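1. Task: produce atomic coordinates for the following.
(2 chains)
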Amino acid sequence: MSANSAGAGAYTGSPGATTNHQGERPTMLKVTGLQKIYNGGASAVEAVRDLTFDLGEGELVCLVGPSGCGKTTLLKCIAGLMPPTSGTVELAGQSVTAPPPGMAVVFQEYGRSLFAWMSVRANVELPLKEKRIPRGRRDELVDESLEAVGLTRFADAYPWQLSGGMQQRVAIARAIAYEPQVLLMDEPFAAVDAQTRADLEDLIRQIWQRMGVTVLFVTHDIDEAVYLGERVLVLSSSPTVVQDDITVDLPTERDQLTTRQDERFTELRARVYAQIQQAKNGTGADQDAASVAP
Amino acid sequence: MTETTAQGPPRGRPEASKGTGGRRPRGAARTGSSKPLLGAVGVMAFLGTWEAVPHTGLVSARYLPPASEVLASLARRATTPGFWTAVGDTLLGWALGLAIAFVAAVVLGFALGALPRVRAFTTSTVDFLRPIPSVALIPLAVLMYGTDIRSTLLLVVYACFWLIYIQVLYGVADVDPVAEQTARSYGLGRLARIRHVVWPTTLPYLMTGVRLAAAVALILSITAQLIIGSPGIGREIAVAQSSGAVSSVYALIVATGALGVLINIGVRALERRVLRWHTSVRGEATA
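-> Sure, this is the predicted structure:
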């Protein structure tokens, strides 16, 4: 443990590690020194070593990293679904120890995340019922969010009657109806086809701009991260630290065709790509201390 | 975004299929064919053979009266209140036993599903008790309750409880971690998660248990009446046998068969209704 905190100190020297990006915006989500060790008796696995970053209010930040770098672990710790071994997560100044009411999560596995036994409307409405929102307001929220994702006509269908992309839009509607301060998305479009994916990316940009919600978007897709984000955090391979923090200075209005052809897009993409390659080859932040003393 | 909305209507959406010529989403798939007709022809052929065999002398009519005689006997009995009392008693034993087993199995199954340690602690005992054939308890039942309906209940409850209980344990353990995490992240408390996630996940298992138990409950209900002499069709069969009324024995056996068929139809219908969202049922709806 103590050896790790020493390693953490060494890491803070890496480029762009702390938050100098959102300046004027108040901090919405603050992750400090987050570490997660899965305790398998003698063979403890350190999934996340030491992560420190924060998101300003209304920011859209993408988190990319090589596969198996602990993105999902990190997200579960942030969502309060799993206690970190050490370090803290704060949502609007409040420490997160259990799933906070101001946070909604969209999972990659929409088919398992949506409840097959409930209609689309009931799926979206259930969290609001549990939040004890009065009926009238609840109906309003459900209608608005279904409209925002373009599924008004399918309110009474069951999720399994819809295509994959539509199901993920139901999950997104459920998240935005919940009116979260922070929206966490765990590789939400990894399981849909490329065209649907492009549509959903634009949908997320659109919802983010309209609602002003803070979004943390986890993905393994470099293009997607650059296209969506205002900022891209690159994670190292496991045990994970923040390897790079890149501001995406592309125009706010993005377009699948022109933005992706933009020279700046290509540059940013190349930079993220290089960082990930580095992370994979273990030449990023301190990889020497990879083994954990149990 | 406009592209995806143009993906067209979802397949087999409830209203959509209702709209197309009043076809109900489910029934249509199975009644549209010639299956019921073939089934009816099969029954007629069976009755015909049964009618013919005693007449040819292959089997003595003393031991196997022709179908017409048996059905006539059944029709005669069906006009007597005693017959319906016996049917009522049999169904009462069946329903009460099944209900008690159901409630006990669900309550215990959910409780132990939430307490893995207690579950591990009880597993070996359950594995020992479960294979004990219910009929082995007949002497015990007679000692405790005589020919009372409680004797029937003891046998029915014992057999049905294990069938349902094991299914509930499997069901409770099958909750999808993603569904569970989703529920937790949206602030659903323990009770809300049991109601909205664990219970619906368990339902398909539970229904399997109930379907099996419904058949077994009838068997044991009749067995108890036949052997112990508690009131019901089983006892009527025993009485008819000892008084040498062979066609009555057959008539009552046919009646128990009919009860079994009705119970099975009822449970299947319940299953389709309760699990209309589940893959086992919805295949027909989305086709």
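2. Please, where are all the helices along chain A?
-> For chain A, the helices defined by DSSP state H cover A:2-11, A:71-78, A:110-113, A:120-130, A:135-148, A:164-177, A:194-211, A:222-228, A:258-261, A:263-280.
3. The stretch 1-150 of chain B now?
-> With DSSP state H, counting those that start in this stretch as the definition, the stretch 1-150 of chain B shows helices at residue ranges B:2-5, B:14-19, B:27-31, B:35-56, B:67-78, B:81-114, B:116-129, B:138-145, B:149-173.
4. before we move on, the earlier item: buried deepest among the helices of chain A, which one?
-> With neighbours taken as mean count of other CB atoms under 10 Å in any protein chain shown, the helices of chain A reach their highest mean count in helix A:164-177, at a mean of 25. Yep, even glycine has a C-beta here, placed from its N, CA and C like the rest.
5. quick one on the thing from earlier: want to try JSON lines for the helices of chain A, with distance to chain B and mean pLDDT as columns?
-> What follows is these, written out as JSON lines (distance: least, CB to the nearest CB, whole Å; pLDDT from 0 to 100):
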{"stretch": "helix A:2-11", "distance to chain B": "27", "mean pLDDT": "39"}
{"stretch": "helix A:71-78", "distance to chain B": "7", "mean pLDDT": "89"}
{"stretch": "helix A:110-113", "distance to chain B": "4", "mean pLDDT": "91"}
{"stretch": "helix A:120-130", "distance to chain B": "4", "mean pLDDT": "94"}
{"stretch": "helix A:135-148", "distance to chain B": "10", "mean pLDDT": "93"}
{"stretch": "helix A:164-177", "distance to chain B": "5", "mean pLDDT": "93"}
{"stretch": "helix A:194-211", "distance to chain B": "5", "mean pLDDT": "90"}
{"stretch": "helix A:222-228", "distance to chain B": "14", "mean pLDDT": "91"}
{"stretch": "helix A:258-261", "distance to chain B": "16", "mean pLDDT": "86"}
{"stretch": "helix A:263-280", "distance to chain B": "21", "mean pLDDT": "86"}
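6. Let me have these in TSV, adding distance to B:Val126 as columns.
-> Shown next, in TSV, are those (distance: least, CB to CB, whole Å):
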stretch	distance to B:Val126
helix A:2-11	45
helix A:71-78	34
helix A:110-113	30
helix A:120-130	34
helix A:135-148	44
helix A:164-177	39
helix A:194-211	48
helix A:222-228	50
helix A:258-261	60
helix A:263-280	50
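7. Quick check: which of those is nearest to B:Ser124?
-> The closest of those to B:Ser124 is helix A:110-113. By CB to CB, the value is 33.1 Å.
8. Just give me how far that closest one sits from the chain centre.
-> Remark: helix A:110-113 is offset 17 Å from the chain centroid, using CA atoms, centre = their mean, to the nearest Å.
9. hmm, who's touching it?
-> Contacts to helix A:110-113, defined as CB atoms under 8 Å, 6 or more residues apart in numbering or on different chains, come from residues A:106-107, A:159-160, A:164, A:167-168, A:170-171, A:188, A:191, B:176, B:178-179, B:182.
10. A:Thr219: which of those is nearest?
-> Nearest to A:Thr219 among these is A:Pro188, at 8.2 Å by CB to CB.
11. which residues does the closest residue to A:Leu75 other than its chain neighbours contact?
-> What sits nearest to A:Leu75 in space, not counting adjacent residues and going by CB to CB, 6 or more residues apart in numbering or on different chains, is A:Asp186, at 5.0 Å. With contact taken as CB under 8 Å, 6+ apart, A:Asp186 is in contact with A:71-72, A:75, A:105-108, A:218.
12. In space, not sequence, find me the middle residue of chain B.
-> Chain B has B:Ala214 as the residue nearest its centroid, 2.9 Å off, counting by CA atoms, centre = their mean.
13. re the thing from before, is it possible to get the contacts of A:Asp186 out as TSV so that each row also shows distance to A:Asp139?
-> Shown next, in TSV, are the contacts of A:Asp186 (distance: CB to CB, whole Å):
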residue	distance to A:Asp139
A:Lys71	36
A:Thr72	34
A:Leu75	31
A:Val105	24
A:Val106	22
A:Phe107	25
A:Gln108	29
A:Val218	32
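14. Which two among the residues you listed are spaced furthest apart?
-> A:Lys71 and A:Val106 (13.9 Å).
15. distance of the nearest residue to A:Gln108 once chain neighbours are set aside from A:Leu63?
-> Spatial nearest neighbour of A:Gln108, excluding adjacent residues (CB to CB, 6+ apart): A:Glu187 at 4.4 Å. Using CB to CB, to the nearest Å, one gets 10 Å for the distance from A:Glu187 to A:Leu63.
16. More neighbours: which of the two?
-> Neighbours were counted for A:Glu187 and for A:Leu63 using other CB atoms under 10 Å in any protein chain shown; A:Leu63 has more, 28 against 20.
17. contacting residues for the more buried one?
-> Taking CB under 8 Å, 6+ apart, one finds A:71, A:74, A:216-219, A:225, A:232-233, A:235 in contact with A:Leu63.
18. if we can go back for a sec, relative to chain A, which of the helices of the stretch 1-150 of chain B is closest?
-> helix B:2-5 (4.5 Å; CB to the nearest CB).
19. quick one: average pLDDT of that closest one?
-> For helix B:2-5, mean pLDDT rounds to 38.
20. Repeat that for stretch A:240-256.
-> Averaging pLDDT along stretch A:240-256 gives 85.
21. now do the same end-to-end measure for it.
-> One end of stretch A:240-256 to the other measures 31 Å (CA to CA, to the nearest Å).
22. if we can go back for a sec, and the residue nearest to the centre of chain B, what element?
-> Taking DSSP states H and E as the criterion, B:Ala214 maps to helix B:199-227.
23. Would that helix count as contacting chain A?
-> Yes - contact of helix B:199-227 with chain A (CB under 8 Å from any CB of the partner chain) involves B:200, B:203.
24. which strands and helices sit next to that helix?
-> helix B:81-114, helix B:138-145, helix B:149-173, helix B:233-242, helix B:246-274 (3 or more CB pairs under 8 Å, 6 or more residues apart in numbering or on different chains; DSSP states H and E).
25. the inter-axis angle of the second one versus helix B:199-227?
-> Using axes from the mean of the first three to the mean of the last three CA atoms, to 10 degrees, one finds that helix B:138-145 and helix B:199-227 are set 90 degrees apart in direction.
26. Any idea what the most centrally placed residue in chain A is bridged to?
-> The structure's chain A has its C-alpha centroid closest to A:Phe217; by CA atoms, centre = their mean the separation is 3.0 Å. Beta bridges link A:Phe217 to A:Cys62, A:Met185, judged by DSSP bridges.
27. could you list every residue that touches it?
-> The neighbours of A:Phe217, taking CB under 8 Å, 6+ apart as the test, are A:60-63, A:185, A:188, A:204, A:225, A:228-229.
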